[in-house]
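*Asks:* Can you look at this prediction? I've put the sequence above it.
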2 protein chains.
Amino acid sequence: MSDVHPALDLDETVHQRVRLGILVILSETSECAFGALRDELQLTDGNLSRHLQVLESAGLLEVRKGYEGKRPITWLRLTAEGKTALHKELDALQRLVSRVRKD
Amino acid sequence: MSDVHPALDLDETVHQRVRLGILVILSETSECAFGALRDELQLTDGNLSRHLQVLESAGLLEVRKGYEGKRPITWLRLTAEGKTALHKELDALQRLVSRVRKD
């Protein structure tokens, strides 16, 4: 085997469907509220929370607790590592797509 | 929300990292031996078997038992549904990549 298959460049932390969606949405904005993210990805609070924990533990996003008026809001934003990890994943996906679509 | 986020078009059966790798490799050949697939994706027999079962149950690949000389070999090939599912996934990935890379 001369070189490694591009599928091996995919990182499950980032590649998992919901987490990839979270990273893409966060890449499009400076900060996103928990509720907006939950609604856009059609998730339950619990499911979104679990995926956010994985991404936060990996250092890919930051959580900020704030208020809008008196209402507590959880804000989420990508870290620099999160941006790098997302772009690495997108590069790997582009290589995979191009490989199949070469014809 | 006017339209659905492209991450929601990803199907976990096909999107999962190892299974996506399997489908891409099978798309590049008419048939592939179990051992070659295992080596290219750097998996154990058990891990590859589990993912093949998921794909076979979903109707995305076919398993054929054969021989090379006296040695039993398991051959794998994509079904028509498997090809369609892979291309649907690649379309969704391309939309996701293009969305982030629009700048």
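*Replies:* Alright, I've got the coordinates. Numbering: from 1, shown residues only, chains lettered A, B, ... in the order given.

*Asks:* host element of A:Leu76?
*Replies:* Assigned by DSSP states H and E, A:Leu76 falls within strand A:71-78.

*Asks:* next one: A:Glu62
*Replies:* Residue-wise, A:Glu62 maps onto strand A:61-68 under DSSP H and E.

*Asks:* So what touches that strand?
*Replies:* A:22-23, A:26, A:31, A:52, A:55-56, A:72-79, A:82 (C-beta atoms under 8 Å, 6 or more residues apart in numbering or on different chains). C-beta coordinates here come from the backbone N, C-alpha and C atoms, glycine included.

*Asks:* Please report which of those residues has the highest neighbour count.
*Replies:* Among these, A:Ile22 has the most neighbours (other C-beta atoms under 10 Å in any protein chain shown), with 29 neighbours.

*Asks:* doesn't A:Leu43 make contact with that residue?
*Replies:* No: counting by C-beta atoms under 8 Å, A:Ile22 sits too far from A:Leu43 to count as a contact (9.2 Å).

*Asks:* list the residues that contact both of the two?
*Replies:* With C-beta under 8 Å, 6+ apart as the test, A:Ile22 and A:Leu43 both reach A:37, A:51.

*Asks:* so where's chain A uncertain?
*Replies:* A:1-2, A:103 (pLDDT under 70).

*Asks:* interface residues of it facing chain B?
*Replies:* Proximity of chain A to chain B (C-beta under 8 Å from any C-beta of the partner chain) is limited to residues A:1, A:5-8, A:10, A:12, A:15, A:17-18, A:20-21, A:24-25, A:27-28, A:39-42, A:86-87, A:90, A:93-94, A:96-97, A:99-101.

*Asks:* Please pick the buried ones from those.
*Replies:* A:5-7, A:10, A:15, A:17-18, A:20-21, A:24-25, A:40-41, A:86, A:90, A:93-94, A:96-97, A:99-100 (16 or more other C-beta atoms under 10 Å in any protein chain shown).

*Asks:* re the thing from before, which neighbours in the sheet does the strand holding A:Glu62 have, and how are they oriented?
*Replies:* Applying DSSP bridges, strand A:61-68 is found paired with strand A:71-78 (antiparallel).

*Asks:* next helix or strand past the strand it pairs with?
*Replies:* helix A:80-100.

*Asks:* by contact count, what packs against that following helix?
*Replies:* When contacts are defined as 3 or more C-beta pairs under 8 Å, 6 or more residues apart in numbering or on different chains; DSSP states H and E, helix A:80-100 packs onto helix A:12-15, helix A:17-27, helix B:17-27, helix B:80-100.

*Asks:* what's the closest of the ones you listed to A:Leu48?
*Replies:* helix A:17-27 (7.8 Å; C-beta to C-beta).
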